[in-house]
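I would like to see how this sequence folds:
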Amino acid sequence: MSFKTWLSTAVLGTALVAGATHAQTKWDLPGAYGANNFHSKNLVTFAEDVKKMSGGKLDITVHPGASLFKAPEIKRAVQTGQVQLGEVLMVNVENEIAAFGADGVPFLATSYDDAAKLWKAQKPVIEKKLTEQGMMALYAVPWPPQGIYAKTELKTITDLKGTKWRAYSPATSRIAELVGAQPVTIQAAELAQALATGTVTTFMTSGSTGRDSKVWESLKYFYDAQAWLPKNIVIVNSDAFKKLDAATQKALTDAAAAAEKRGWDASKAETESSKADLVKNGMTVAPPSAELKTGLQQVGATMIEEWTKKAGADGAAIVDAYKKM
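This is a model prediction of the structure:
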């Protein structure tokens, strides 16, 4: 072998080794909420942490605002490997896996402490279900407590009868049925338009979503019912995870643990700041009247019983574990 040939081979070998050393895996992470939402901001920080902690080996691109997949499509996209990971509103999956709907049952868990206990009770069941479908849970973060938005004043539960009620999950659709409202399926990314066109006049969601959608442009009242704290969960395709080396896997799970803690703290801060912004923009923010609260609690009691029955052994195990904490 001539010196020139040897040199070329050596340079090529060095380049290949360097390339292998700095090989980068690129992933996509779709989310359903706008870029300014605290969940989406948390996803971006999570992706930055993963890149930093993996030494640049794993580069995750976040796609907020349902720009890559619509909210109901994200879980399926992760499961089928169209994307490697994604953020899902857990109650959106309830019709497929009942355990995901526990934190959408009104008045089962109504505070951050209770929500944390419920997540601890849910997690083993949810992890088992995800494993069966070729996925893993990375972390979960709650929304602020859910209240009622309305165009006109609500004094009792009967004031909701006949209103155009935004539904985004089986639980919110069932609430509409129980109070005599007309359910209209609207995802978060479409809410502002639905309000502007009068397609929706009442709904239950957090102060955070209300602020994101500038509900004050169409509605006047927010009743801080603190009915439930639904969670977003970030899930990863198991095959994609297994293809990562051990160090990169650890970087991903360590970043996820940090994201969960950061997300819960951000959610608590968001609770107060979002309500303050509703007031600042001219909305009336108040607790529900005693009559309205009693009506809502009756709806909640019915739905807890229905959900536990529908969820079968998994539901009973979750509620049992939760009540013992």
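
which residues sit in contact with residue 309?
Contacts of residue 309 were listed using CB atoms under 8 Å, 6 or more residues apart in numbering, and they are residue 315. Where you see a C-beta, it was placed from the backbone N, CA and C, and this is true even at glycine.

Secondary structure element for it, which one?
Assigned by DSSP states H and E, residue 309 falls within helix 290-323.

So which bits of that helix are buried?
Residues 292-293, 295-297, 299-300, 303-304, 307-308, 311, 314-315, 317-319, 321-322 are the ones in helix 290-323 that count as buried (16 or more other CB atoms under 10 Å).

now stretch 268-283
Buried-residue list, stretch 268-283, by 16+ other CB under 10 Å: 270, 271, 274, 275, 277, 278, 283.

Can you show me the strands along the stretch 201-325 of the chain?
Ranges of strands in the stretch 201-325 of the chain, per DSSP state E, counting those that start in this stretch, are 202-205, 221-223, 231-237, 284-286.

JSON lines for the ones you listed, including mean neighbour count, mean pLDDT and distance to residue 142?
Output for the strands of the stretch 201-325 of the chain, formatted as JSON lines (neighbours: other CB atoms under 10 Å; pLDDT from 0 to 100; distance: least, CB to CB, whole Å):
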{"stretch": "strand 202-205", "mean neighbour count": "25", "mean pLDDT": "95", "distance to residue 142": "13"}
{"stretch": "strand 221-223", "mean neighbour count": "22", "mean pLDDT": "97", "distance to residue 142": "18"}
{"stretch": "strand 231-237", "mean neighbour count": "24", "mean pLDDT": "98", "distance to residue 142": "5"}
{"stretch": "strand 284-286", "mean neighbour count": "15", "mean pLDDT": "97", "distance to residue 142": "20"}
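
Select, out of those strands, the one closest to residue 180.
strand 202-205 (11.4 Å; CB to CB).

Return the alpha-carbon coordinates of the closest one using PDB.
Extracted in PDB, the C-alpha atoms of strand 202-205 (Å, rounded to 0.1, in the frame of the first residue of the first chain):
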ATOM      1  CA  THR A 202     -70.300  27.300  28.100                       C
ATOM      2  CA  PHE A 203     -67.600  24.800  29.000                       C
ATOM      3  CA  MET A 204     -65.300  23.600  31.700                       C
ATOM      4  CA  THR A 205     -61.600  24.000  31.500                       C
END
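
And that strand, what does it pack against?
strand 147-150, strand 164-167, helix 170-179 (3 or more CB pairs under 8 Å, 6 or more residues apart in numbering; DSSP states H and E).

and of those, who's closest to residue 121?
helix 170-179 (17.4 Å).

any idea of the pLDDT on residue 196?
In this model, residue 196 is scored at 93, pLDDT.

which residues does it contact?
Counting by CB under 8 Å, 6+ apart, the residues that residue 196 touches are 217, 218.

let's see it at 10 Å
213, 214, 217, 218 (CB atoms under 10 Å, 6 or more residues apart in numbering).

Tabulate the helices and strands packed on strand 202-205 (a markdown table), appending mean pLDDT, mean neighbour count and distance to residue 243.
Formatted as a markdown table, the helices and strands packed on strand 202-205 follow (pLDDT from 0 to 100; neighbours: other CB atoms under 10 Å; distance: least, CB to CB, whole Å):
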| stretch | mean pLDDT | mean neighbour count | distance to residue 243 |
| --- | --- | --- | --- |
| strand 147-150 | 97 | 24 | 43 |
| strand 164-167 | 96 | 23 | 38 |
| helix 170-179 | 94 | 20 | 34 |
